[in-house]
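Trainee: my questions are about this predicted structure, shown below with the sequence.
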Amino acid sequence: MEKRPSLDLSKIRNIGFAAHIDAGKTTTTERVLFYSKKIHRIGEVDEGSATTDWMEQEKERGITIVSAAVTTFWKGHQLNIIDTPGHVDFTAEVERALRVLDGLIVIFDASAGVEPQSETIWHQAERYGIPRLIFFNKMDKLAASYENSLKSVKSRLTAKAVLFQLPIGQESSFRGVIDLVGKKKYVWSEEDLTGENYLEEEIEFDDLLLSLYEDIVYRVAEYDEDILDEYSEHGFVDVKRLKKAIRKAVIKGDIFPVFMGAAKRNMGIQPLMDAIVDYLPSPLDLPPVSGKDPRTGERVERKRDINEPFSAVIFKIQVDKHAGVLSYMRVYSGKVRVNEKVLNTRTMKGERLTRLYEMHANRKHPIYEARAGEIVGVVGIKDVKTGDTLSDPKAPIVFEGMHFPEPVVSKYIEPKYARDLDKLDEILKALEIEDPTFKVKKDKETGQIIMTGMGELHLEIVEERLKRDFGIEVRTGKPQVSYRETITKEVHVKEVFDREVSGGREYGIALLNLRPLERGKGIVVDSDRINMEPEDREQLVKIIYESLTFGPLLGYPVTDIEIEVVSLGGEGTTPLGNELAIRMGIERGLKEGKPVLLEPYLFVEILAPQEFVGNVIGDLTSRGGEVEEVVPVSEYVSNIRAYVPLRKMMGYAVSLRSLTQGRGNFWMKVAYFEKVKEKITKI
């Protein structure tokens, strides 16, 4: 391993590209890698040659399934890039990428504006407070309109979106962009097939350009009190000074600059790369990271500095049949070297990092040290989960974990050949560790293995991986809805456990209150009345959650419930006795609480040609759906938004093709769970 260059944190950008499916994330990422000389030939998604779409399934389907990390350099700055999926079934991949990114480029199809998944991503980024740039891609496409796209961004996402560029030409005549901040125009030639060379010229502003320039100046004036004076006196602001103020406003989240281009035709990418360097934050621009000391529970901070104690978050886990478990790690503070021991603050066990890698999609370059601000691959952690914090054993810290949606579509799965049963079991457990939205359990009555994921495509990809990556032929059932159960009546339970277990007497007493909660509230555990050590309380919560994985009606997980532990134990009780008293008390309380079955409802958005809108609405109504609104996107196409039970939407893609002569498109996500209106006895 060669010696790595010294690290200037001010010149690092940890960024991601995110968007709705087919908006051009991977295509844009590929051009960024090409223009920064990381790759020497532009790969294409359609041809299966894009750098970050390395899985066979990604190449075949032309979509991104897993997020991929790459590192490149532009104008003296290190860009650590994560290309994320756009399909709703792989939202977890976006969530865990956003957890560790410092900046995000949200890409929109200029002919469609805000699409459903881009809206979801925007709100995810909002939750993490990530500074963002906006890129209107496909400006060369029929019906491309920066005006309509900007309107949809402002109405559905944020009024803080501000034009930093205007197009030169539109649709098939698109040739370049006008840069408002630099007072320049960039024009690409059709004859240059790579887009590396372009014309750069200074321009004079007309009234429209001047008004847009003024908008930028006034929006960022509070970040430099002399900007308005300079503008009033000279009619312009020094570019360096203006960019400095813009940068502060972007990092603060007060402005979202809008850029545009046509990635497929290699136009508009270099100015976007400049904007990443100019406006998105380095680790030093962000406040210290905050967490808890696992020993005391007190809040502690780490400066994003190489001289601080080591701390990092594991944000992604990848199972490889050759390399074993590869974990992706964002280092927030300090540094760590190969074979150094670190503390996993979830397990409170030491782990030795046997190998470190700089990642380039699926290719790994060995390094001997990982430093604050970097995103690297790591091998050697034996017990690891997504969201784990690693730290210096002498200065432990736990950062906030990640939140993932619950999977809602299930299939039974079995090996084609009995000899593969143990191997299948082992691989499914590994995939469950890799993907927080993939769950596996055994049906208590039939013994069948049930796998649950975010959608039909999600489970199809798992099946393909089992065959291709691990050599296991499998049989599966039809996709089924994963229901939930809850109670409708408050119950007070006193459970006493007193019997012989494995030759010894176990005795326990638990007094519990079980209360129904509003839809979407999940599980709430209240153990404040009990005086116990933090680790004992953690174990108590774990027991309660485990007890709610199997409901009293059909064995589905229980949700929207509060469990209050009023008292636990007493004189003569044993730990196991108390645990069994809790489990039995919850089981009895669920039965007495008038349990009901809940089913997932989907929020569905359908783009359909105007002449087929009536057919689509009629079909949704017949499926028990409620149409919320129909919004015209253009004179030819409308957006239909509705809520429909998931069990009525299995295989909907085929139906929609039939209803719209193959011209309709749709997207859906789980919106909420509601009481099942029809009698269901067996799922």
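Mentor: That came through fine.
Trainee: worst-scoring helix or strand of this structure, pLDDT-wise?
Mentor: Ranked by mean pLDDT, DSSP states H and E, the helix or strand of the chain with the weakest confidence is helix 56-61, at a mean of 45.
Trainee: in the helix or strand following it, what's buried?
Mentor: Next along the chain after helix 56-61, taking DSSP states H and E as the criterion, comes strand 68-74. Judged by neighbour count (16 or more other CB atoms under 10 Å), strand 68-74 contains these buried residues: 68-72, 74. From N, CA and C alone the C-beta is placed, and that goes for glycine too.
Trainee: give the partner strands of strand 68-74 in its sheet and their orientations.
Mentor: Strands adjacent to strand 68-74 in the sheet, as given by DSSP bridges, are strand 77-83 (antiparallel).
Trainee: distance from the partner strand to the middle of the chain?
Mentor: With CA atoms, centre = their mean, to the nearest Å as the basis, strand 77-83 stands 17 Å off its chain's centre.
Trainee: coming back round to it: let me know the closest of the buried residues of strand 68-74 to residue 127.
Mentor: Of all the buried residues of strand 68-74, residue 127 sits closest to residue 69, with 21.5 Å by CB to CB.
Trainee: got the contact list for that closest one?
Mentor: For residue 69, the contact set (CB atoms under 8 Å, 6 or more residues apart in numbering) comprises 80-82, 328, 359, 361, 375, 377.
Trainee: what's the distance between it and residue 435?
Mentor: 17 Å (CB to CB, to the nearest Å).
Trainee: what's next to stretch 230-243, contact-wise?
Mentor: Residues from elsewhere that reach stretch 230-243, judged by CB under 8 Å, 6+ apart: 181-183, 213-214, 216-217, 220, 224, 226-227, 278-279.
Trainee: buried subset of those?
Mentor: Applying 16+ other CB under 10 Å to those flags 181-183, 213, 216-217, 220, 224, 227, 278-279 as buried.
Trainee: buried ones in stretch 642-658?
Mentor: Buried residues in stretch 642-658, defined by neighbour count with 16+ other CB under 10 Å: 642-649, 652, 655-656.
Trainee: got it, and stretch 565-577?
Mentor: Within stretch 565-577, the residues that count as buried by 16+ other CB under 10 Å are 565, 568-569, 573-574, 577.
Trainee: residue 105 in helix, strand or coil?
Mentor: strand (DSSP: H, G, I helix; E, B strand; the rest coil).
Trainee: meant to ask about residue 571
Mentor: coil.
Trainee: tell me the SS of residue 424?
Mentor: Assignment for residue 424 (three-state DSSP): helix.
Trainee: do you know how far it is from residue 418?
Mentor: According to CB to CB, residue 424 and residue 418 sit 10 Å apart.
Trainee: ok, now residue 335?
Mentor: Separation of residue 335 from residue 418 (CB to CB): 50 Å.
Trainee: so which of the two has more stuff around it?
Mentor: Between residue 335 and residue 418, counted using other CB atoms under 10 Å, the more crowded position is residue 335 (17 against 8).
Trainee: close enough to count as contact, that one and residue 367?
Mentor: No. At 11.1 Å, residue 335 does not count as touching residue 367 under the criterion of CB atoms under 8 Å.
Trainee: packing partners for the helix or strand hosting residue 440?
Mentor: Following DSSP H and E, one finds residue 440 within strand 439-442. Here strand 439-442 touches helix 421-434, strand 449-453, going by 3 or more CB pairs under 8 Å, 6 or more residues apart in numbering; DSSP states H and E.
Trainee: residue 120: which element?
Mentor: Using DSSP H and E, residue 120 sits within helix 116-128.
Trainee: what mean pLDDT does that helix have?
Mentor: Mean per-residue pLDDT for helix 116-128: 82.
Trainee: next: stretch 273-282.
Mentor: Mean pLDDT, stretch 273-282: 96.
Trainee: dump it to PDB, keeping only the CA atoms.
Mentor: Extracted C-alpha coordinates of stretch 273-282, given in PDB (Å, rounded to 0.1, in the frame of the first residue of the first chain):
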ATOM      1  CA  MET A 273     -19.200  19.800 -10.400                       C
ATOM      2  CA  ASP A 274     -18.000  23.400  -9.800                       C
ATOM      3  CA  ALA A 275     -21.100  24.100  -7.700                       C
ATOM      4  CA  ILE A 276     -20.500  21.000  -5.600                       C
ATOM      5  CA  VAL A 277     -17.000  22.300  -4.700                       C
ATOM      6  CA  ASP A 278     -18.200  26.000  -4.300                       C
ATOM      7  CA  TYR A 279     -21.400  25.500  -2.300                       C
ATOM      8  CA  LEU A 280     -21.700  22.200  -0.600                       C
ATOM      9  CA  PRO A 281     -20.000  21.800   2.900                       C
ATOM     10  CA  SER A 282     -16.800  20.200   3.900                       C
END
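Trainee: which residues sit against that stretch?
Mentor: 9-13, 15, 32, 35-36, 74-75, 77, 79, 102-103, 105, 131, 133, 164, 243, 246-247, 250-251, 257, 259, 373.
Trainee: from those residues, which land in strands?
Mentor: Mapping these onto strands (DSSP state E) picks out 12-13, 15, 74, 77, 79, 103, 105, 133, 257, 259.
Trainee: and these as a markdown table, adding distance to residue 507 and pLDDT?
Mentor: Shown next, in a markdown table, are the ones in strands among the contacts of stretch 273-282 (distance: CB to CB, whole Å; pLDDT from 0 to 100):
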| residue | distance to residue 507 | pLDDT |
| --- | --- | --- |
| 12 | 59 | 92 |
| 13 | 60 | 94 |
| 15 | 58 | 91 |
| 74 | 68 | 93 |
| 77 | 65 | 93 |
| 79 | 62 | 91 |
| 103 | 57 | 94 |
| 105 | 61 | 94 |
| 133 | 63 | 97 |
| 257 | 66 | 97 |
| 259 | 69 | 97 |
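Trainee: next helix or strand past the longest strand belonging to the chain?
Mentor: The longest strand of the chain (DSSP E) is strand 595-609. Heading C-terminal from strand 595-609, the first helix or strand you meet, by DSSP H and E, is helix 613-622.
Trainee: so residue 331 makes contact with residue 378?
Mentor: No. Look at residue 331 against residue 378 with CB under 8 Å: they stay out of range, at 9.8 Å.
Trainee: pull up the overlap in contacts between these two.
Mentor: Shared contacts of residue 331 and residue 378 (CB under 8 Å, 6+ apart): residue 370.
Trainee: what's the single longest helix in this protein?
Mentor: In the chain, taking DSSP state H as the definition, the longest helix is helix 575-592.
Trainee: got any ranges where the stretch 551-683 of the chain has weak pLDDT?
Mentor: 634, 678-683 (pLDDT under 70).
Trainee: give me the secondary structure label for residue 304.
Mentor: What three-state DSSP gives for residue 304 is coil.
Trainee: can you start the count at 21 instead of 1 from here on
Mentor: Done: numbering now begins at 21, and the last item shifts to residue 324.
Trainee: got the confidence number for it?
Mentor: The model reports residue 324 with a pLDDT of 92.
Trainee: against residue 614, how distant is it?
Mentor: To residue 614, residue 324 is 52 Å away according to CB to CB.
Trainee: those two: which is more packed in?
Mentor: More neighbours surround residue 324 than the other of residue 324 and residue 614, with 23 against 13 (other CB under 10 Å).
Trainee: now that one: closest residue in space that isn't a chain neighbour?
Mentor: residue 303 (4.1 Å; CB to CB, 6 or more residues apart in numbering).
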